[in-house]
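*Asks:* Fold the following, please.
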Amino acid sequence: MGLLGMILAAVLVAVLLAIIVVKYLPLKFRWIASSLLLLLTVFLVFKIYNGIMEPINFNKKKVAKFARVVKSLKIIRDAEVKHFEVTGKYTNDKAGLIQFIDSAQLALTETKDTIIKVNKGGGIIDDVTKRKKDTIGYEPVLKYFDGRDYKNMFKVPGVEGKEFDIVISTVEKVQGLVVPTFYVKTEKIDILKGMSKSLVKQELEAIATDQIKGEFVSVGSLEEVSTGGNWPPSYDKQERDKKE
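*Replies:* Modelled structure (predicted):
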């Protein structure tokens, strides 16, 4: 029975008690009815308060749980991006990606424009700009993960024994151009285990722009070229505020 149903039932019982008191109950027993009405009022107030606070408390706990998951997904996303920059592809090898962070080197490049003379025939000499990219050094990938728990990035926070699912694929961005993609996800229902079933059901059907839409918390895509997550900007703002 929902909150509205409980309120209507309590009001109906109160009305019936009042009718009984007025019509049938002797004066000396009316204190019993008054006590029952008082208890009913206390129960009703409690139910109304709980009905208002339950979704508020659920939302606070949900956001806290999801924020930890999003933090791990961002580490995985950054690791995949660096892996792509170095190797030209994404990976679903979890142990290999951790080892990559520990050992890989990222090339530092510098692009210079050089003007050269080109003979276009007929005595016409034209200046043409040629762009050249040179490697000027290397830096460890590990530098980008300083202070971040990348060793445990695949463990879903708050869900014992659960790891993120990783899928890699390709998508044809334009005709003839095939681009690698990756997708990392975990189920909301596992993260919210033990919380109100009715509110969890609503969360799994979330479509609002200020919510994490759908049944998963995820980053990347298999249908388009994207390294974005499905969480709203508020989760990024929380992390920026903590850093500041």
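*Asks:* Would you mind listing where this structure has pLDDT under the threshold?
*Replies:* Low-confidence regions of the chain, defined here as pLDDT under 70, cover residues 1-11, 13-15, 17-34, 37, 49, 121-123, 238-244.
*Asks:* And the strands in it?
*Replies:* 105-119, 125-140, 165-174, 177-187, 216-220 (DSSP state E).
*Asks:* now, of those strands, which is deepest in the fold?
*Replies:* strand 216-220 (a mean of 23; mean count of other Cβ atoms under 10 Å). Using the backbone N, CA and C atoms, a C-beta is placed for each residue, glycine as well.
*Asks:* and that one, what does it pack onto?
*Replies:* Judged by 3 or more Cβ pairs under 8 Å, 6 or more residues apart in numbering; DSSP states H and E, strand 216-220 is in contact with helix 30-87, strand 177-187, helix 188-191.
*Asks:* JSON lines please, covering the ones you listed and showing distance to Ser103.
*Replies:* Below are the helices and strands packed on strand 216-220 laid out as JSON lines (distance: least, Cβ to Cβ, whole Å):
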{"stretch": "helix 30-87", "distance to Ser103": "11"}
{"stretch": "strand 177-187", "distance to Ser103": "20"}
{"stretch": "helix 188-191", "distance to Ser103": "32"}
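*Asks:* closest to Ser226 out of these?
*Replies:* Of all the helices and strands packed on strand 216-220, strand 177-187 sits nearest to Ser226, with 7.7 Å by Cβ to Cβ.
*Asks:* For that closest one, report the contacting residues that lie outside it.
*Replies:* For strand 177-187, the surrounding residues in contact (Cβ atoms under 8 Å, 6 or more residues apart in numbering) are 69, 73, 76-77, 80, 84, 88-90, 92, 156, 159, 162, 164-173, 215-222, 224-226.
*Asks:* re the thing from before, and of the helices and strands packed on strand 216-220, who's closest to Leu108?
*Replies:* Nearest to Leu108 among the helices and strands packed on strand 216-220 is helix 30-87; the distance by Cβ to Cβ comes to 11.3 Å.
*Asks:* can you pull the contacts of the closest residue to Glu163 other than its chain neighbours?
*Replies:* Among residues not flanking Glu163 along the chain, Phe154 sits closest, at 4.8 Å (Cβ to Cβ, 6 or more residues apart in numbering). Counting by Cβ under 8 Å, 6+ apart, Phe154 touches 72, 76, 94, 163-164, 166.
*Asks:* Mind giving me the PyMOL command for buried ones among these?
*Replies:* In PyMOL syntax, the buried subset of the contacts of Phe154 is picked out as below (16 or more other Cβ atoms under 10 Å):
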select buried, resi 72+76+164+166
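*Asks:* for the contacts of Phe154, which one is nearest Trp231?
*Replies:* Scanning the contacts of Phe154 for proximity to Trp231, where the rule is Cβ to Cβ, the winner is Ser72, at 12.0 Å.
*Asks:* residues contacting the closest one?
*Replies:* So Ser72 contacts 149, 152-157, 164 (Cβ under 8 Å, 6+ apart).
*Asks:* Which of these are buried, as a ChimeraX select command?
*Replies:* Only the buried entries of those go into this ChimeraX selection, using 16+ other Cβ under 10 Å:
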select :153,154,156,157,164
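*Asks:* Go through the contacts of Ser72 and say which is closest to Leu40.
*Replies:* For the contacts of Ser72, the nearest to Leu40 is Pro157 (43.7 Å; Cβ to Cβ).
*Asks:* which ones are touching the closest one?
*Replies:* Contact analysis of Pro157 by Cβ under 8 Å, 6+ apart lists 65, 68-69, 71-72.
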